[in-house]
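Visitor: predicted model follows, preceded by the sequence.
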2 protein chains.
Amino acid sequence: MLVLGVDPGLTRCGVGVVEGTPGRAQLIEAGVIRTAATMDTSRRLLAIEEGLEEWISRHQVEVIAIERVFAQHNLMTVVGTAQAAGIAMLVAARHGLEVHQHTPSEVKASITGSGRADKAQVGLMVSRILHLDSPPKPADAADAVALAICHSWRGAAVKRLAQVVPSTKRPRSWAQVTSVRKVMA
Amino acid sequence: MLVLGVDPGLTRCGVGVVEGTPGRAQLIEAGVIRTAATMDTSRRLLAIEEGLEEWISRHQVEVIAIERVFAQHNLMTVVGTAQAAGIAMLVAARHGLEVHQHTPSEVKASITGSGRADKAQVGLMVSRILHLDSPPKPADAADAVALAICHSWRGAAVKRLAQVVPSTKRPRSWAQVTSVRKVMA
């Protein structure tokens, strides 16, 4: 499954393309779409849209995984972050791609086994999973890659689950999916 | 000045086109772009984009005025509202249109003379200004029209000010602009 992970932001929007199957992942490309704080917000959103269009077209991704934005997190930047995430969703919908959102805790839990892992631990595990000497830079690119890995692993688990568990008995949250995965593993 | 006012929202995105000069305004069209809560957020944003594209093309508007979204307001809906506002900004930037944001208090002050006016007072004044029997319905359409009136009046004041006041002495906030307008009137 070719997944584009997006760590949304106006100044640095992290992007990472990963080819993954549960337990394994290969980095295709990681980077950031940057826009200058001196630009009008509307122009910044347009630049992010153009950047994402280019990444999606170049890599022919199948799925987009975006970090879920919570209003409770950092009131100063939440509006801009939500708008950048919205642009990623819009571009995905335009291309008929699946869109999935994951919380930072879900990403950490998926990569390190703990939803409370710190940035360094996540970075270390991302490097190990991808057989790299160090995590992709800058941090926003690494976060986008972690999201893509998380989704390629979790998405596969959910699909597998859907095949064996009747829809009425399917778990509602990813937390439940994680525990079911552990039982199934 | 032909202004499109946008009261952003996922379920009902208010839109209103007004032709205005300071103290006067004519309603061209008002309505809402609706999307179903059962739809995926990415598809809802795509539907809002398509709706706004259609309104902009049909009316050949010159400026878009959007209600400014604050993170402090209604944490439950702020992410969706910010995303709908972001789509409006994106569409405006794509068409090379000016984008302006106004706070609800600025709109109320502009329409009624008081930033603390309630919805009924704003609705009454909107009806009077536009020579209508009642304010446009639903409320989101009326709010979008109020935004467009506010911008067509304030925007003109700022342009006039820019011609007579050296840039170094220009006020930084709309609140100051309002008081300068009163002095100039």
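Guide: Structure received. Numbers count the residues shown, from 1 in each chain, chains lettered A, B, ... in the order given.

Visitor: the host helix or strand of A:V32: what's the following helix or strand?
Guide: Counting by DSSP states H and E, the element that carries A:V32 is strand A:24-34. Counting by DSSP H and E, the next helix or strand C-terminal to strand A:24-34 is helix A:41-59.

Visitor: packing partners of that following helix?
Guide: Packing partners of helix A:41-59 (3 or more Cβ pairs under 8 Å, 6 or more residues apart in numbering or on different chains; DSSP states H and E): strand A:2-7, strand A:12-21, strand A:24-34, helix A:78-94, helix B:78-94. Any C-beta I mention is one placed from the backbone N, CA and C, and that applies to glycine too.

Visitor: about what we covered before: what angle sits between the strand holding A:V32 and strand A:12-21?
Guide: For strand A:24-34 against strand A:12-21, the angle between stretch directions is 160 degrees (axes from the mean of the first three to the mean of the last three Cα atoms, to 10 degrees).

Visitor: which residues touch stretch A:60-69?
Guide: Stretch A:60-69 has contacts (Cβ atoms under 8 Å, 6 or more residues apart in numbering or on different chains) with A:1-8, A:17, A:55-56, A:78, A:81-82, A:85, A:88-89, A:91-92, A:97-104, A:107, A:143, A:147-148, A:150-152, A:155, B:79.

Visitor: centre of the chain to it, how far?
Guide: The offset between the C-alpha centroid of stretch A:60-69 and the centroid of the whole chain comes to 5 Å, using Cα atoms, centre = their mean, to the nearest Å.

Visitor: and the average pLDDT for that stretch is what?
Guide: Stretch A:60-69 shows a mean pLDDT of 95.

Visitor: and for stretch A:139-156?
Guide: Averaged over stretch A:139-156, pLDDT sits at 92.

Visitor: may I have that stretch exported as PDB, CA atoms only?
Guide: Taking C-alpha atoms only, stretch A:139-156 is exported to PDB below (Å, rounded to 0.1, in the frame of the first residue of the first chain):
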ATOM      1  CA  ALA A 139      11.100  16.900  12.000                       C
ATOM      2  CA  ASP A 140       7.900  17.600  10.100                       C
ATOM      3  CA  ALA A 141       9.100  15.200   7.300                       C
ATOM      4  CA  ALA A 142       9.900  12.500   9.900                       C
ATOM      5  CA  ASP A 143       6.400  13.000  11.500                       C
ATOM      6  CA  ALA A 144       4.700  12.600   8.100                       C
ATOM      7  CA  VAL A 145       6.700   9.400   7.500                       C
ATOM      8  CA  ALA A 146       5.700   8.100  10.900                       C
ATOM      9  CA  LEU A 147       2.000   8.800  10.000                       C
ATOM     10  CA  ALA A 148       2.400   6.900   6.700                       C
ATOM     11  CA  ILE A 149       4.000   3.900   8.400                       C
ATOM     12  CA  CYS A 150       1.300   4.000  11.100                       C
ATOM     13  CA  HIS A 151      -1.400   4.000   8.500                       C
ATOM     14  CA  SER A 152       0.000   1.300   6.300                       C
ATOM     15  CA  TRP A 153       0.200  -0.900   9.400                       C
ATOM     16  CA  ARG A 154      -3.100   0.000  11.000                       C
ATOM     17  CA  GLY A 155      -5.000   0.200   7.700                       C
ATOM     18  CA  ALA A 156      -4.000  -3.300   6.800                       C
END
